[in-house]
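Just to be clear, the model below is a prediction. Sequence and coordinates:
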Amino acid sequence: MSFPPSSHQVPVFLITGIDDEAVAAATMGLQWDLPSPVVLAYTIERQSQHLIRVVSDLTGVLEREVIDLAHACVHCAIREEVIPTLVRLAGLHRWEAIVARLPLAAEAMQVCRVAGYEPSRVAELRIAGVIAAVRGESAGDDLSGTDLLPERGVDIFDGDERGVAEVAAGLIEYADIVTVHGEIDSGSADLVRALARPGAMVVTDWPGFDGRQLAAGIHDLNSTEAWVAEVQRGPLPPLTESGVWRLELTSERPFHPQRLQDQIEILGTGAHRSRGCFWLPSRPEAVCAWNGAGGQLSIGVAGQWRFREQPITRIVVTGRHADGDPRAELREAFTAALLTDAEVASRDLYWPVRRDGLEPWLGAISETA
C-alpha cells in the first residue's frame, strides 16, 4: 500500500441515491476501481433516530459508531458529521481515496459547498466526484411518480414529506456520474440523460473506470452549481433524446399572486420535472424558487435579486413522451398567471401590499421584502 504525503489532498467521492441496492452497487464498483480506498458509509435508523457510521477498507470494518439525531436538524447533523469525519480520515494518510456513501435521499450539495467555499475546513481533501445511483427498473416511476419518501421508507427525519421524484431528480442534476443499476426502458433513460448536467457521465451499471484518472477528479463545483441554480438566463443545451420533451417558460413579468394560486394545479403537477424561479409584484425583491416533480411542488424564497438585476420568471419543464404532452396547457396556464398589460399600466410592477395569500409558502411579506 502506498501512502500519500501530508501535502496531498485526498480525493473524495460522494455517492447518493434513493435505492439501497443501486447505491451499494455503485459503492462496490467505485471501491474496486480506486487505488487504496476507504469507504465511509452512513445509514439512518428511523425508529431510533440514529445515524450509523461505518468505516471500512479491503481489510474489513474499522469502526462503527451510532450518532443520536434526536432533536437535531438532520440535514445539519449529517453535514456536520460527514465533513469532520472526512477530514479525520484524510488526515490519517492511510488511504489514497475516500468513498463516502451518504444516507439514502440525502444530498451531496451541502458537503460540496463547504468543501468548495470554505477550503480551510477541508485542507487535506477535495471533492473529486459526485455519483447518483439510479435503479433502472423503477427509474420512470422514481422520476415522474407521486410517491413520497415515507411511502418508500427512505424519509430521513420526522415529517420528511418530500416527493421521491423531486429528490431523485435533484440527485441526478447534481451528479458528475449517473450510474443506472439494471435494465431501464428507453424513455426513462432519455429522461435521466436530459436531467443530468451537460458533461456528466450517464452509464449503465458500473462499467469500470481507470482509477488513477478517476482520482484526478471529475467534479466542477461552478458548473454544477450553475446547472442547479434557481436563476438561469442563458440558453439551454440542445435536447437530443427522442423520448423526452422540454419546455421553457420565460417572462420578465412577475406572476399575479392570486392567479398563480389559481393556476398552480396545472403548473405544479403532472408526471414531469419543473424547476426555476419567479417573482411577484407584492415581493419584488424576493427571488422565489420553483422545484417540482411527479405532481409535487415546493416553492420558497431563495434570496434577493441583486442590485439593478432584472427579475425574471423562468420555469423549465422536462417530461417523457410516454407520460403525455401537456406543453400547450402549461403555456396557457403560465401566460394566465402573469401580470397583464392592463395591470402593469394601472398598478406598475411593484405593489405596496401587506399580504398576498402566499404567506404559508413564502413567509410574511415584511420578512422577504
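On my side now, so go ahead.

Now stretch 175-183: buried residues?
By neighbour count with 16 or more other Cβ atoms under 10 Å, stretch 175-183 contains the buried residues A175, D176, I177, V178, T179, V180, H181, G182. Glycine gets a C-beta too; all of them are placed from N, C-alpha and C.

next one: stretch 122-138
Neighbour-count burial for stretch 122-138 flags 122, 124-138 (criterion: 16+ other Cβ under 10 Å).

pLDDT of that stretch, averaged?
The predicted model gives stretch 122-138 an average pLDDT of 96.

any idea whether the nearest residue to A289 once chain neighbours are set aside is helix, strand or coil?
Counting by Cβ to Cβ, 6 or more residues apart in numbering, A289 lies nearest to A302, which is 4.0 Å off, once chain neighbours are set aside. Put simply, A302 is strand when judged by DSSP: H, G, I helix; E, B strand; the rest coil.

so what's A302 up against?
For A302, the contacting residues are E230, V231, C277, V287, C288, A289, taking Cβ atoms under 8 Å, 6 or more residues apart in numbering as the criterion.

make it 6 Å
E230, V287, A289 (Cβ atoms under 6 Å, 6 or more residues apart in numbering).

do the same with D356
Residues in contact with D356, defined by Cβ under 6 Å, 6+ apart, are P257, S282.

Would you check how far apart it and A194 are?
34 Å (Cβ to Cβ, to the nearest Å).

Does the longest helix along the chain pack against any helices or strands, and if so which?
Once the chain is assigned using DSSP state H, the helix that runs over the most residues is helix 74-91. Applying 3 or more Cβ pairs under 6 Å, 6 or more residues apart in numbering; DSSP states H and E, we find helix 74-91 packed against helix 109-117.

how about the nearest residue to C112, chain neighbours excluded?
Beyond its immediate neighbours in the sequence, the residue positioned closest to C112 (Cβ to Cβ, 6+ apart) is I127, lying 5.2 Å away.

element containing the one you found, please.
Taking DSSP states H and E as the criterion, the element that holds I127 is strand 125-135.

With just CA atoms, put that strand into PDB.
Extracted in PDB, the C-alpha atoms of strand 125-135 (Å, rounded to 0.1, in the frame of the first residue of the first chain):
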ATOM      1  CA  LEU A 125      -9.200  16.600   0.900                       C
ATOM      2  CA  ARG A 126     -11.000  17.600  -2.200                       C
ATOM      3  CA  ILE A 127     -14.400  16.600  -3.700                       C
ATOM      4  CA  ALA A 128     -13.300  14.600  -6.700                       C
ATOM      5  CA  GLY A 129     -16.700  13.400  -7.800                       C
ATOM      6  CA  VAL A 130     -20.400  13.000  -7.000                       C
ATOM      7  CA  ILE A 131     -22.200   9.900  -8.100                       C
ATOM      8  CA  ALA A 132     -26.000   9.400  -8.300                       C
ATOM      9  CA  ALA A 133     -27.100   5.800  -8.300                       C
ATOM     10  CA  VAL A 134     -30.400   5.000 -10.000                       C
ATOM     11  CA  ARG A 135     -32.300   1.800 -10.100                       C
END
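
Walk me through which strands that strand pairs with, and which way each runs.
The sheet places strand 125-135 alongside strand 10-17 (parallel), strand 177-181 (parallel), with pairing taken from DSSP bridges.

Where does pLDDT dip in the stretch 1-150 of the chain?
Confidence mapping of the stretch 1-150 of the chain against pLDDT under 70 gives the ranges 1-7, 70-72.
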